[in-house]
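> structural data only, the sequence is not supplied:
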Ligand SMILES: Cc1cc2nc3c(=O)[nH]c(=O)nc-3n(C[C@H](O)[C@H](O)[C@H](O)COP(=O)(O)OP(=O)(O)OC[C@H]3O[C@@H](n4cnc5c(N)ncnc54)[C@H](O)[C@@H]3O)c2cc1C
């Protein structure tokens, strides 16, 4: 095993221990009380999991997308919502990794290493989801500052994150060419938060609207060149998708393991239900689908880490395949538990609810299929 593989395995082991010892005993409570688990954030910070891909010079673990996927998968086996903490953190810090100046990296990355600062990524708006090229949140160049006005929607970690990468336009008529990226601190005057309605799943993660009302941003908080925000959006989404898919693989594996065990414990007609072929074949299909999804995820992650060209298609394939598998596998796992799968005393229904959003966020699975199709046909 080479040095990189050894370091990845160390990170995976740290995540596995944290998942089993700290997160698993609390997973049900986090879901039912819908409280953001600050203690888990602290434990993740202590293991370096809030800065997996950040450079060592800034207190990071200098990991890669494969490392991030391994960590997300391990944590998602026991809690989708806790795996989301590391994925949203990576999504919030990737823009800085890709385009941040030395000063910006120093300020924000050191904050993560020293006080477990959290990050978030704010692109979507109430009227613009998949069609994010048309966003209307506006910025105006006022000489010494930029002034932001508008609303961002569905921002996980909204209100708990310390800083946000926010995308805004100088002129909606310009489309992607008008979009710039800004780093916005939580406490900036003119920024307020409105928590979104109760969600189906991932209940421990708050999502909020970010409302900008004449919000003044210092000039130095422009991220990358003005008008070059869209390549950051696409760069981050293409890189993060395998990690989103790794969450799906983790949830599917967690559900499969639980259902397989349950089927051996539960007896009907005087024998374990695992002896009935109807369930055995379901378990076999669940395992095969999960393994296929895992293979696609780590192939896409490896392409990104290896700086392969054209990884976008594999990244999209991996995300949509894995999240569709997680939905199917968790649905089957509920079925294997019968009526017990449907009640909140057992984790199956939580896993099914958590899996659902993975088909939607990071752009919907229809958007992923469209991305793949664009690589196959021109018209
Ligand atoms: C819990 C959660 C977390 C999120 N996290 C983030 C985040 O961190 N940052 C962020 O910026 N956003 C985030 N989002 C927003 C998420 O990315 C959007 O919800 C997603 O892109 C879909 O946008 P929409 O909900 O507006 O649906 P719409 O874009 O309105 O789409 C509605 C439906 O139409 C389909 N559709 C739309 N256009 C087409 C088309 N051209 N072809 C085929 N089908 C189409 C979609 O697939 C969908 O099924 C999050 C959302 C949720 C629910």
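Here it is on my side, so go on. What you see is a predicted model; the values in this text were computed from it and never measured.
> give me the element residue 212 is part of.
strand 207-218 (DSSP states H and E).
> contact partners for residue 355?
Counting by Cβ atoms under 8 Å, 6 or more residues apart in numbering, residue 355 touches 80, 201, 248, 251, 252, 323, 326, 327, 329, 330. Placement of C-beta: from N, CA and C, glycine included.
> my error: substitute residue 112 in the last question.
Residue 112 touches 45, 50, 51, 54, 58, 59, 60, 89, 93, 119, counting by Cβ under 8 Å, 6+ apart.
> who's the last one bridged to?
On the basis of DSSP bridges, residue 119 is bridged to residue 163.
> what is the burial count for it?
Counted by other Cβ atoms under 10 Å, the residues lying close to residue 119 total 26.
> kindly provide the distance from it to the ligand.
10 Å (Cβ to the nearest ligand atom, to the nearest Å).
> what's the neighbour count on residue 185?
Residue 185, neighbours per other Cβ under 10 Å, totals 17.
> which positions in the stretch 251-379 of the chain make contact with the ligand?
357, 360, 361, 363, 364, 366, 367, 370 (Cβ under 6 Å from any ligand atom).
> which of those fall within helices?
Secondary structure from DSSP state H places 366, 367, 370 of these in helices.
> can you point out the buried residues in the strand holding residue 212?
207, 208, 209, 210, 211, 212, 215, 217 (16 or more other Cβ atoms under 10 Å).
> which parts of this structure are helices?
So, for the chain - with DSSP H - the helices run 3-18, 27-33, 38-46, 65-76, 80-99, 102-115, 229-265, 277-305, 312-336, 348-356, 365-376.
> let me have those in a markdown table, extended by mean pLDDT.
Listed next are the helices of the chain as a markdown table, based on pLDDT from 0 to 100:
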| stretch | mean pLDDT |
| --- | --- |
| helix 3-18 | 93 |
| helix 27-33 | 96 |
| helix 38-46 | 97 |
| helix 65-76 | 98 |
| helix 80-99 | 98 |
| helix 102-115 | 96 |
| helix 229-265 | 98 |
| helix 277-305 | 98 |
| helix 312-336 | 98 |
| helix 348-356 | 98 |
| helix 365-376 | 97 |
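> closest one to residue 167 among these?
helix 229-265 (5.1 Å; Cβ to Cβ).
> show me what the closest one is packed up against.
Counting contacts by 3 or more Cβ pairs under 8 Å, 6 or more residues apart in numbering; DSSP states H and E, helix 229-265 is packed against helix 65-76, helix 80-99, strand 163-169, strand 179-185, strand 271-272, helix 277-305, helix 312-336, helix 348-356.
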